[in-house]
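Novice: give the three-dimensional model of this entry:
(one chain, ligands or ions: 2)
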Amino acid sequence: MDKRLKYEGKAKRVYEISEEDVYLVEFKDDATAFNGKKKGSIQGKGVINAKVSAHFFKLLEEQGVPTHFIEMVDDNSMKVKAVEIIPVEVVVRNIAAGSLAKRLGLEEGIHLKKPVLEFYYKSDELGDPMINIYHIRAMEFAKDEEMQKIEELSFKINDILADYLEKRDILLVDFKLEFGRYKGKVILADEISPDTCRFWDSKTKEKLDKDRFRRDLGGVEEAYQEVLKRVTEGGC
Ligand code: TMP
Ligand code: ASP
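Specialist: Numbers count the residues shown, from 1 in each chain. Ligands and ions are numbered 1, 2, ... in the order given. Below you'll find the predicted structure:
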């Protein structure tokens with residue numbers, strides 16, 4: 001396939017291909033944390049994250065959430081709709097962990113009474129600072145109508161994924177989403193994987209996500225494999 005590198009991020013490469021309005025996204029094994037300060041590699045991560053993301057994108061599409069996913073091309077790459085990424089990262093939280101636990105002095109594992117939505121400005125240079133709707137308006141990162149859609153879709157995605165994962169003995173603690181503009185519509189983009197979500201085993205509370213890498217807990221590859229197995233169990 002003819003491809004031209006358009007953008008290389010920490011975990012993925014995006015290529016332009018000969019098909020109009022289509023990008024090829026290749027998932028890498030490279031892993032970083034703390035805004036790129038910690039670097040490493042997780043064997044098999046590219047394939048697992050591509051497969052888990054594809055599975056979730058299909059599930060979400062079936063339930064009425066528009067996504068950029070078109071089809072898998074090989075084990076670690078997929079064709080996606082060529083969106084213009086909105087530079088706002090959306091974090092949805094169900095259980096206190098990570099930066100929320102730290103910021104508010106909460107014990108990790110406390111179930112929040114209501115899901116929490118947070119926005120971060122997507123900028124590697126600035127380390128993705130937290131922002132709110134007033135910053136988004138002032139900087140014209142997105143229109144109000146787009147942000148309303150993003151909020152509505154984010155809570156819907158949370159309901160669909162939390163319910164799906166609960167049946168597979170996984171707690172959806174929190175996760176990060178990115179959205180893009182495509183032909184005048186806001187659609188879900190980027191990835192949904194153990195890199196961008198916190199997944200805990202429902203019974204043991206064992207971490208099955210990138211926190212194993214961030215916090216040097218060991219068993220990183222095994223945890224990613226376990227997520228793939230549970231998510232895809234019973235077919236697509
Ligand atoms: P946080 O608790 O560190 O703010 O992370 C919240 C969620 O967002 C967690 O599921 C991991 C995900 N996340 C990313 O996908 N990319 C990032 O750069 C960061 C900091 C978090
Ligand atoms: N993706 C982020 C980075 O490297 C951090 C993270 O996932 O914790 O910097």
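Novice: drop to CA atoms for contacts and neighbour counts, all remaining ones
Specialist: Noted.
Novice: the host helix or strand of residue 61: how far from the chain's middle?
Specialist: Following DSSP states H and E, one finds residue 61 within helix 45-62. Remark: helix 45-62 is offset 10 Å from the chain centroid, using Cα atoms, centre = their mean, to the nearest Å.
Novice: buried ones in it?
Specialist: Of the residues in helix 45-62, those with enough neighbours to count as buried (16 or more other Cα atoms under 10 Å) are 45-60.
Novice: so does the lengthiest strand in the chain get close to ligand 2?
Specialist: Secondary structure of the chain read by DSSP state E shows that its longest strand is strand 170-182. No - with Cα under 6 Å from any ligand atom as the threshold, strand 170-182 lies outside contact range of ligand 2, at a closest distance of 9.5 Å.
Novice: neighbouring contacts of that strand?
Specialist: Counting contacts by Cα atoms under 8 Å, 6 or more residues apart in numbering, the residues outside strand 170-182 that touch it are 81-97, 150, 154, 161-162, 165-166, 186-192, 196-202.
Novice: restrict those to those near ligand 1?
Specialist: Contacts with ligand 1 within the contacts of strand 170-182, counted by Cα under 6 Å from any ligand atom: 91, 97, 196, 197, 198.
Novice: now for the residues you listed, which pair is the farthest apart?
Specialist: 97 and 196 (13.5 Å; Cα to Cα).
Novice: in the chain, what residue comes closest to ligand 2?
Specialist: Closest contact between the chain and ligand 2, by Cα to the nearest ligand atom, is at residue 35 (2.7 Å).
Novice: now for that residue: which residues touch it?
Specialist: When contacts are taken as Cα under 8 Å, 6+ apart, residue 35 is in contact with 124, 127.
Novice: so it: helix, strand or coil?
Specialist: coil (DSSP: H, G, I helix; E, B strand; the rest coil).
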